[in-house]
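In: return a 3D structure for these sequence lines:
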Amino acid sequence: MNGWKGQGWPGGPVLLVVMLLVCTLGLVGCGVYSANTGRVDESLKHLAVRYLENMTAQPSIGVDLTESIIQAVQTDNTLKIVPEGDADTILSGRVVRYHLREVMTSDNLTVNEYQVQISVVLDLVRRDTGEAIFKQKRFNGTGNYLLDDPNGSSEDTARQEAAEEIVKDILAMVVQGW
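Out: Reported below is the predicted structural model:
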């Protein structure tokens, strides 16, 4: 090769023009990125969240999950949490499952790892018409913990992990899924 002098370059000027065009188009696509998809209906920007009914024996799980959902929506800031009378949409539902499942046992058949499984069923409806945006939608979350874990995992940390998974899925459905 004799270097770049406009001649003798593999592909010649046509390839150079194509490469410059591809690079330019690539840079144009790297503009400002926003996590907001812009898909939220402007008439549905105000959300009320009713406290979830607890159908399990686990105390306070409905309250804890409701507060986590509200916090996540406020942090996302796409929708505004408002009292029910000011809402465009209402999120309601119930916690239908809280289960501890044995995940791992030792050689002597002693359980040393558990999984917390939580399920909620939710409805999202328009307040003015009662029309369902989604109805009886099930959300599930899991979290694991070790007994006597030196890193401090516990049923509470596994419960929080499961709740975070559920809240993430709810937020994706409520903010982006309609």
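In: tell me which strands and helices the helix or strand harbouring Glu67 is in contact with?
Out: Using DSSP states H and E, Glu67 sits within helix 61-76. Helix 61-76 is packed against strand 46-49, strand 53-54, strand 80-81, strand 89-105, strand 111-126, helix 155-171, with contacts defined by 3 or more C-beta pairs under 8 Å, 6 or more residues apart in numbering; DSSP states H and E. Bear in mind the C-beta positions are built from the backbone N, C-alpha and C, glycine included.
In: can you pull the pLDDT of the residue nearest to Leu79 when sequence neighbours are not counted?
Out: Spatial nearest neighbour of Leu79, chain neighbours left out: Leu47 (4.7 Å); criterion: C-beta to C-beta, 6 or more residues apart in numbering. Looking at Leu47, its pLDDT stands at 96.
In: Leu47 contacts Val174, correct?
Out: Yes: between Leu47 and Val174 there is a contact under C-beta atoms under 8 Å: 7.2 Å.
In: anything in contact with each of those two?
Out: Counting by C-beta atoms under 8 Å, 6 or more residues apart in numbering, the common neighbours of Leu47 and Val174 are 73, 79, 91.
In: nearest residue to the last one other than its sequence neighbours?
Out: Going back to what we said before, that points to Leu91. In space, Leu91 is closest to Val49, 4.8 Å off (C-beta to C-beta, 6+ apart).
In: which ones are touching that neighbour?
Out: If a contact means C-beta under 8 Å, 6+ apart, then Val49 has 66, 69-70, 73, 81, 90-92 as its contacts.
In: hmm, try it at 6 Å
Out: Residues in contact with Val49 (C-beta atoms under 6 Å, 6 or more residues apart in numbering) are 69-70, 91.
In: out of these, which end up buried?
Out: Listed as buried from the contacts of Val49 are 69-70, 91; burial here means 16 or more other C-beta atoms under 10 Å.
In: hang on, Thr129 in a helix?
Out: No: per DSSP: H, G, I helix; E, B strand; the rest coil, Thr129 lies outside any helix segment and is coil.
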